[in-house]
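Chemist: Turn this into a model:
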Amino acid sequence: MRIAAVVEDLLTYSRIDSMAAGAGATLVRVDEPSELPSPSDVELVVVDWGSRRPGWADQLATWRSRPGVARLILFGPHVDLDAHADARASGLGPMWARSRLMRDLPALIG
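Modeler: You can find the predicted model right below:
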């Protein structure tokens, strides 16, 4: 499986990387959604929505409109109610809690 991650926090990224490596997946990290590979080049994209910056929702919507089959998962702190609301309002949500991503990621990539 090919995975892309928009994740600034290196601890979170290292956990995702470890799970990906353990499942034999390939993981690429980018700094912002505009740098994501084509949706046809990856099967899964995870985005730390808690670290979002202005313009990310538009960049992800544009990315999603391109041909391909990649699954997009936004995640962040479960207590960040603004991030949850922004994810839904942008049409990209719902946002997963970081703990859910860490719990369910092995099944998604395994």
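Chemist: The protein: helices as residue ranges?
Modeler: For the chain, the helices defined by DSSP state H cover 10-22, 56-64, 81-89, 98-109.
Chemist: so which of those comes closest to residue 36?
Modeler: Distances from residue 36 to each of those were compared using Cβ to Cβ; the shortest belongs to helix 56-64, at 5.4 Å. To be clear about C-beta, it is placed using only N, CA and C from the backbone, and glycine gets the same treatment.
Chemist: In CSV, list the C-alpha atoms belonging to the closest one.
Modeler: As requested, C-alpha coordinates have been extracted for helix 56-64 and formatted as CSV (Å, rounded to 0.1, in the frame of the first residue of the first chain):
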residue,chain,number,x,y,z
TRP,A,56,-5.7,23.5,3.3
ALA,A,57,-9.4,22.8,2.8
ASP,A,58,-9.3,24.3,-0.7
GLN,A,59,-6.1,22.4,-1.5
LEU,A,60,-7.6,19.1,-0.3
ALA,A,61,-10.8,19.7,-2.2
THR,A,62,-8.8,20.4,-5.4
TRP,A,63,-6.7,17.3,-4.8
ARG,A,64,-9.8,15.2,-4.2
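Chemist: Buried residues, that helix. List them.
Modeler: Neighbour-count burial for helix 56-64, with 16 or more other Cβ atoms under 10 Å as criterion, is recorded at 56, 57, 59, 60, 63, 64.
Chemist: same question, stretch 74-91
Modeler: For stretch 74-91, using 16+ other Cβ under 10 Å, the buried residues are 74, 75, 76, 77, 80, 83, 84, 86, 87, 90.
Chemist: Tell me the spacing between the fourth one and residue 95.
Modeler: This means residue 77. Spatial separation of residue 77 from residue 95 under the definition Cβ to Cβ, to the nearest Å is 9 Å.
Chemist: what sits in contact with each of those two?
Modeler: Here residue 77 and residue 95 have residue 83 as joint contacts, going by Cβ atoms under 8 Å, 6 or more residues apart in numbering.
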